[in-house]
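Student: After the sequence you'll find the predicted model.
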Amino acid sequence: MESQPLFLNDWREGELEALKEAFRVGDREVSGISLLLASYARDALCGEAFVLFRKGGSLYEVNGSHDSSGCMAGQWEPEETLLMALEFRLDKGRLGLRTDGQNLFANELRFILAELKANGFS
């Protein structure tokens with residue numbers, strides 16, 4: 001991984017090892033990625049994760065959730081995404097917001113996307 005990734009919410013302390021444990025993945029699955037943002041938030045009943053990374057000149061996201069079981073095994077399914085698609089979901093949707101409308105990771109994601117654009121990533 002190239003730069004220091006941003007870990008938020010319940011992953012603020014655990015960093016990459018906590019992410020790997022939650023998704024039940026090993027070093028092979030995260031090898032060669034440049035992790036940008038990883039957020040995991042939970043309440044008493046469920047949890048929700050969002051991971052954004054670069055690999056091979058492309059941008060990928062992983063979304064995961066669980067109920068009271070606390071496990072997201074089998075949900076590490078990176079999907080290629082675009083800056084424009086993420087910006088659209090931030091502007092027109094609820095990406096990065098809690099159900100009450102408060103910031104979960106939207107503000108931080110906007111900053112990362114702005115940095116990517118400023119550095120010529122499209």
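Tutor: Happy to help now that I have it.

Student: now the protein, which segments are flagged as low pLDDT?
Tutor: 1-3, 44, 67-70 (pLDDT under 70).

Student: quick one, helices of it?
Tutor: Shown for the chain, the helices assigned by DSSP state H span residues 15-23, 27-30, 83-92, 106-118.

Student: Out of the ones you listed, which gets nearest to residue 50?
Tutor: Nearest of the helices of the chain to residue 50, taken as CB to CB: helix 106-118 at 8.1 Å. Backbone N, C-alpha and C define where each C-beta goes, glycine included.

Student: Would you indicate which residues of the closest one are buried?
Tutor: 106, 108, 109, 110, 112, 113, 116 (16 or more other CB atoms under 10 Å).

Student: Make CSV out of the helices of the chain and add distance to residue 72.
Tutor: Listed next are the helices of the chain as CSV, based on distance: least, CB to CB, whole Å:
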stretch, distance to residue 72
helix 15-23, 5
helix 27-30, 13
helix 83-92, 20
helix 106-118, 19
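
Student: Next, the contact list for the residue most central in space within the chain, please.
Tutor: In the chain, the C-alpha nearest the mean C-alpha coordinate belongs to residue 51, at 1.7 Å (CA atoms, centre = their mean). Taking CB atoms under 8 Å, 6 or more residues apart in numbering, we find residue 51 in contact with 19, 35, 37, 38, 39, 61, 62, 63, 64.

Student: Would you show me how to pick out the buried ones of the residues you listed in PyMOL?
Tutor: Only the buried entries of these go into this PyMOL selection, using 16+ other CB under 10 Å:
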select buried, resi 19+35+37+38+39+61+62+64
